[in-house]
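A.B. asks: show me the folded form of this:
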Amino acid sequence: MEKLQMKKRLVAAAALTLASFTVPHFVDQSLAAPGKSPFCDMEQTQRNPVAWNAYYHCHGIPAGEVSVAAPAPERHAHNPYCDMAKTQRNPVSWNAYYGCLAR
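C.D. replies: Next up, the predicted model:
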């Protein structure tokens, strides 16, 4: 009975050891922390180190400078009356009424 428990413990220890060596290889490289830019080493020789750091993000991105993607443009269904604007007497008011130019 004692040999069976010892064998289980040995197998568990071997499994943990194997898992600890293989898990880091499964982590995607894109999840790793970004490397420091080689230009950050030139910071001391620059005339304006504040702008240099802001451009190369040597000390991280400040809290207020989070980049936000622009919203996608709204897509509206094509109004068939917009095609008739060319034949109207007053195409400006026609387009304004049907919203043809607001797209």
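A.B. asks: quick check: Ala15 vs Arg9, distance?
C.D. replies: 11 Å (CB to CB, to the nearest Å). Every residue, glycine included, has its C-beta placed from N, CA and C.
A.B. asks: scratch that, Lys3
C.D. replies: For Lys3 relative to Arg9 (CB to CB), the value is 11 Å.
A.B. asks: neighbour count winner among those two?
C.D. replies: Arg9 (10 against 7; other CB atoms under 10 Å).
A.B. asks: which stretches of the chain form helices?
C.D. replies: Applying DSSP state H to the chain gives helices spanning 2-26, 49-56, 91-98.
A.B. asks: select, out of those, the one closest to Pro73.
C.D. replies: Proximity to Pro73, assessed across the helices of the chain by CB to CB, is greatest for helix 91-98 (18.7 Å).
A.B. asks: buried set for that closest one?
C.D. replies: Trp94, Asn95 (16 or more other CB atoms under 10 Å).
A.B. asks: what mean pLDDT does it have?
C.D. replies: This predicted structure assigns helix 91-98 an average pLDDT of 87.
A.B. asks: low-confidence regions, the chain specifically.
C.D. replies: 1, 18-36, 61-68, 76, 102-103 (pLDDT under 70).
A.B. asks: try 90 this time
C.D. replies: The model of the chain has pLDDT under 90 over residues 1-88, 91-103.
A.B. asks: ok, the residue nearest to Pro91 when sequence neighbours are not counted - contacts?
C.D. replies: Residue nearest to Pro91 in three dimensions, not counting chain neighbours: Ala85, with 4.5 Å by CB to CB, 6 or more residues apart in numbering. Contacts here follow CB atoms under 8 Å, 6 or more residues apart in numbering; on that basis Ala85 touches Pro91, Trp94, Asn95, Tyr98, Cys100.
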